[in-house]
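Enquirer: Coordinates only, no sequence provided:
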């Protein structure tokens, strides 16, 4: 008895569909847990699957909130707030903040300042974090831009120093970096 090529193809398709169907059924029975919350000025939804789905999602949310406490520009207890209000004094920060700032400074250098972690004075003038939205005058922007520049940040281990009036905002890199480094303890 000869089996045609089309018959072999049909049998392979049925085998693949059968295996895929079993896998699909197993995934349907798998536990799922989702949490939605607002953190780092972003609405987030985390979903995990498996027997430890709920504790995994809750641990991820806790980690995000922990990092937000370090990197918030508006939380008076955060490392970033301390740096931004240091009046040029050296600030000791958590190693996670120092590592993220180092990463941001590397990206700024690689992009010739296209990603600029010291742009916060300009963002504030526009009202992005204050809620007082306005269009700053060109002279004001020119003055603020004199304080901007990743080369104006001194980072030495966990010590950060900026020129008076200089400010950082790590929001552009913090969320992605936090996700990449979710194993931080």
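Expert: Looks like it arrived, so ask away. Keep in mind the model is a prediction, meaning the values are calculated, not measured.
Enquirer: Mind checking what secondary structure residue 47 has?
Expert: Here residue 47 is recorded as strand under DSSP: H, G, I helix; E, B strand; the rest coil.
Enquirer: Tell me if I'm right that it and residue 56 touch.
Expert: No: contact criterion CB atoms under 8 Å: residue 47 and residue 56 do not qualify, at 9.8 Å. C-beta here means a position set from N, CA and C on the backbone, and glycine is covered the same way.
Enquirer: Overlap in contacts, the two.
Expert: Jointly contacting residue 47 and residue 56 under the rule CB atoms under 8 Å, 6 or more residues apart in numbering are residue 33.
Enquirer: So for the two, which residue has more residues nearby?
Expert: For residue 47 versus residue 56, neighbours defined as other CB atoms under 10 Å are more numerous around residue 56 (16 against 12).
Enquirer: Where do the helices of the chain begin and end?
Expert: Chain-ordered helices for the chain, with DSSP state H as the definition, fall at 5-29, 53-71, 79-84, 95-110, 120-126, 138-145, 171-180.
Enquirer: what's the model's confidence in the first one, averaged?
Expert: Looking at helix 5-29 alone, the average pLDDT works out to 47.
Enquirer: how about the closest residue to residue 86 other than its chain neighbours, what does it touch?
Expert: Excluding the flanking residues, the one nearest residue 86 by CB to CB, 6 or more residues apart in numbering is residue 162, at 7.0 Å. Contacts for residue 162 (CB under 8 Å, 6+ apart) come out as 83, 86, 88, 118, 152, 153, 154, 168.
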